[in-house]
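Peer 1: Predicted model and sequence below, questions to follow.
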Amino acid sequence: MTIALPATGTVDTTPRTDGIVRKVADVVALTGRNLVHIAREPAQLSDVTVQPVLFTLLFVYVFGAGVSLGHGGTYANFAIAGLLALNLTTSSMGTAVGLSTDLNTGVIDRFRTLPMWRPAVLVGRSLADLSTAVVCAAIVAVTGLVVGWRPGGSFLATLAGFGIFLLFSYALSWGCACLGIVSKGPESAQGVGLVILFPLAIVSNALVPTQHMPPVLRTIADWNPVSAVAAAARDLWQNPNPSASIQNWPMQHPIAASLLWSIVLIAVFAPLATHLYRRRTAN
Amino acid sequence: MADEPTIRAEGLAKRFGDTKALDGVDLDVPAGSILAVLGPNGAGKTTAVRILTTLTTPDAGRAWVGGHDVVREAAAVRRSIGVTAQDATVDGLLTGRQNLVMIGRLSGLRRADARHRATELLEQFGLADAADRVLTGYSGGMRRRLDLAAGLVTKPPVLFLDEPTTGLDPTSRVRMWDVIRGLVTDGVTLLLTTQYLDEADELADRIVVIDHGRVIADGTSGELKADTGGARLEVTLSVPADAAADALAPFVAGPVHVSHDGRRLRAPVRSGSGLATTVVRALDGAGIAVDDVEVHQPSLDDVFFALTGHPSEPDDPPAEEPAEPIGAHA
């Protein structure tokens, strides 16, 4: 094998980009990289493709057979907002697992020796996971339409419902980023993530109305951000929303509560993740 | 700047808990030269590289790369270096091409430039056929070459290679040496770490030996070998013969040591071509039957034994053993 002189070559390798353009380019490069990862990891890919279909069918046909909503509302119309909440909440664990995997291989060291914008590692991760959340949401919506879900509001209101879900999912992924950074490895990130995210999704109005829950659980469920998000979407989609009769601020103002929750989560977890990432990669 | 070394370290110290990884290390690598940092596992080689490549900050001491302080001007240092770390730092779920394009983009190249540079490097490193394969289908040697290519995307003037051949089979190792030799031309300054004396010997202008975080020797490979007493001759006779030591005397460079059973003879030698043949002929001429003749080149163990008086046993078991044919070691 003959090796040409590496320092030679015809390609101009002078860095051409700078400032904000440079930061955006770094984020785009890493977002693309993470999407390739998700596409090539069967477990992660199934979380956003197979699982949403499976959950939707199982819940609508199994739970739907036993939950009575009154007023002639169908379980499918009630459940799709909740299933979106469930799927997007649990799939945000991908952020924790992906970041933890990166931190346990040499690839982060490679990034750290490059003259790149360092927060791009985190921003690129969160944007890749937002893209998969879009795919996941679309799959739940299509499955929902097949099993009889019908959003009743205007087209814009329907879109706004999805927007609220995606914003919340993006906010959760920053929380999961923190988890991924502090955990020892992808397995422990996944284990801890499940213990936090699964109750968060279930102890809510997502899958059953909260009215018949025991008092303690019911209070938690009615203040759970997941409940606010699901109630907001049901509101916008004119789907059955039993939580509308609950007299607390988030259930009376679910759209404002959802937006507020998402903004607070991002405001707390994005700087925290950046700080934890810096500390974790300091030495 | 012309006389300033491209890489300079003064009194680098780093501690991890109770372990002193580095205990006052000085290094100087003049522009356009190759320095090998030689030492066993756990000697502090990787820590030194991590400090010089801005991945770790030193507890004490200072270091400069291309005139920039590695702590205070880390961003400027990152613009002038290429790094191939000991752990594979290429992305196992991307293809070879995707890896190089991503690194080009993250180094500030335009998309088209990053693509062209990736193609150029893949061809130069014999990876063109595997360019669009995901890395899970790469051999260890291919991964290392891609890792090295990844460090060269921006044509950096300063390169750091941390144990570039550890864990490779002998063929891949020799191929890697060819690749590295190709880098030395055109003014690239290179610091590489290794556990193998022969590798340092093959590639470096100067060798620094470190042990327990301290520099214990510094010189050319010739100087180091002189310090360690050079090569060693070992002869095993079929039956003990008193005349054997005298027969060997003209060819050795020191006293001949005879084992208790009188069959094994050992002596320092200056290795030259045909030495083994000469020795066998001389013994045959003296009527002495020989079972085995070996000329041992000084190994890292010999260097360490000569320099420190203790063998080069790492404190913890080595993660990877040198890839040598089974049975090559006694």
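Peer 2: Everything's here; your move.

Peer 1: can you map out the helices along the stretch 151-300 of chain B?
Peer 2: According to DSSP state H, counting those that start in this stretch, the stretch 151-300 of chain B carries its helices in the segments B:170-183, B:197-203, B:221-228, B:244-248, B:275-285, B:300-308.

Peer 1: Return the set of buried residues in the fifth one.
Peer 2: Read that as helix B:275-285. Of all the residues in helix B:275-285, those buried under the rule 16 or more other Cβ atoms under 10 Å in any protein chain shown are B:275, B:279, B:282-283. The C-beta positions use only the backbone N, C-alpha and C, and glycine is treated the same way.

Peer 1: ok, now the shortest one?
Peer 2: Of the residues in helix B:244-248, those buried under the neighbour-count criterion (16+ other Cβ under 10 Å) are B:244-245, B:247-248.

Peer 1: Can I get the helices of the stretch 151-300 of chain B in TSV including distance to chain A and mean pLDDT?
Peer 2: Shown next, in TSV, are the helices of the stretch 151-300 of chain B (distance: least, Cβ to the nearest Cβ, whole Å; pLDDT from 0 to 100):
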stretch	distance to chain A	mean pLDDT
helix B:170-183	4	84
helix B:197-203	14	85
helix B:221-228	23	74
helix B:244-248	43	87
helix B:275-285	32	88
helix B:300-308	25	68
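
Peer 1: which ones are touching the spatially closest residue to B:I7 that is not a sequence neighbour?
Peer 2: The shortest distance from B:I7 to any non-neighbouring residue, by Cβ to Cβ, 6 or more residues apart in numbering or on different chains, is to B:V29 (3.9 Å). Contacts for B:V29 were tallied using Cβ atoms under 8 Å, 6 or more residues apart in numbering or on different chains; they are B:5-8, B:35, B:189-191.

Peer 1: ok, back up a step: and the helices of the stretch 151-300 of chain B, which is most packed in?
Peer 2: Of these, the one with the most neighbours on average (mean count of other Cβ atoms under 10 Å in any protein chain shown) is helix B:197-203, at a mean of 21.

Peer 1: Which residues outside it are in contact with it?
Peer 2: With Cβ under 8 Å, 6+ apart as the test, helix B:197-203 has contacts from B:34, B:36, B:38, B:165, B:173, B:177, B:180-181, B:184, B:192, B:194, B:207, B:221, B:224, B:297-300, B:303.

Peer 1: could you redo the last one with a cut-off of 6 Å?
Peer 2: B:34, B:36, B:38, B:177, B:180, B:194, B:207, B:221, B:300, B:303 (Cβ atoms under 6 Å, 6 or more residues apart in numbering or on different chains).

Peer 1: how about those, which pair is most distant?
Peer 2: B:I180 and B:V303 (21.0 Å; Cβ to Cβ).

Peer 1: With B:T95 as the reference, measure out to the residue nearest to B:I7.
Peer 2: For B:V29, the distance to B:T95 (Cβ to Cβ, to the nearest Å) stands at 34 Å.

Peer 1: Which strand or helix spans whichever residue of chain B sits closest to chain A?
Peer 2: Closest approach between chain B and chain A, counting by Cβ to the nearest Cβ: B:G108, at 3.0 Å. Assigned by DSSP states H and E, B:G108 belongs to no helix or strand.

Peer 1: ditto for A:A177
Peer 2: Residue-wise, A:A177 maps onto helix A:155-182 under DSSP H and E.

Peer 1: Could you look up the next helix or strand downstream of that helix?
Peer 2: helix A:186-202.

Peer 1: Pull out the buried residues from the following helix or strand past that next one.
Peer 2: Per DSSP H and E, the first helix or strand lying C-terminal to helix A:186-202 is helix A:215-223. Judged by neighbour count using 16+ other Cβ under 10 Å, the buried positions of helix A:215-223 are A:218, A:220-222.

Peer 1: does chain B sit close to the one helix or strand A:D109 maps to?
Peer 2: If you go by DSSP H and E, A:D109 is part of helix A:107-112. Yes. Using Cβ under 6 Å from any Cβ of the partner chain, helix A:107-112 reaches chain B at A:107, A:109-110, A:112.

Peer 1: Can you find the helix or strand in chain A with the smallest mean pLDDT?
Peer 2: helix A:42-48 (a mean of 82; mean pLDDT, DSSP states H and E).

Peer 1: pLDDT below threshold where in the chain?
Peer 2: Reading this off chain A. A:1-10, A:15-18, A:70-72, A:283 (pLDDT under 70).

Peer 1: that's the other chain; I wanted chain B
Peer 2: Counting by pLDDT under 70, chain B has low-confidence residues at B:1-4, B:185-186, B:226-230, B:271-272, B:299-301, B:303-305, B:308-330.

Peer 1: of all the residues in it, which ones are close to chain A?
Peer 2: Going by Cβ under 6 Å from any Cβ, the residues of chain B near chain A are B:53, B:55-56, B:78-79, B:83, B:85, B:87-89, B:91, B:93-94, B:102, B:105-108, B:110, B:113, B:116-117, B:120, B:124, B:126, B:152, B:154-155, B:179, B:182-183, B:185-186, B:188.

Peer 1: Select only the buried ones of these in PyMOL?
Peer 2: The buried subset of the residues of chain B next to chain A, as determined by 16+ other Cβ under 10 Å, is captured in PyMOL by this line:
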select buried, chain B and resi 53+55+56+78+79+83+85+88+89+91+93+94+102+105+106+107+108+110+113+116+117+120+124+126+152+154+155+179+182+183+188
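
Peer 1: In strands, which of the residues of chain B next to chain A appear?
Peer 2: B:V83 (DSSP state E).

Peer 1: B:A36 and B:L190 touch, don't they?
Peer 2: No. B:A36 lies out of contact with B:L190 (Cβ atoms under 6 Å); the separation is 9.1 Å.

Peer 1: More neighbours: those two, which one.
Peer 2: Set side by side, B:A36 and B:L190 show more neighbours around B:A36, with 26 against 23, by other Cβ atoms under 10 Å in any protein chain shown.

Peer 1: tell me the contacts of that one?
Peer 2: Counting by Cβ under 6 Å, 6+ apart, B:A36 touches B:192, B:194, B:200, B:204, B:207.

Peer 1: in a strand, that's where it is, yeah?
Peer 2: Yes. Under the criterion used here (DSSP: H, G, I helix; E, B strand; the rest coil), B:A36 sits inside a strand.

Peer 1: and which of the residues of helix A:107-112 next to chain B is nearest chain B?
Peer 2: A:R110 (3.6 Å).

Peer 1: Relative to B:V37, how far out is the closest one?
Peer 2: 20 Å.

Peer 1: A:L84 now?
Peer 2: Noted for A:L84: a distance of 56 Å to B:V37, by Cβ to Cβ.
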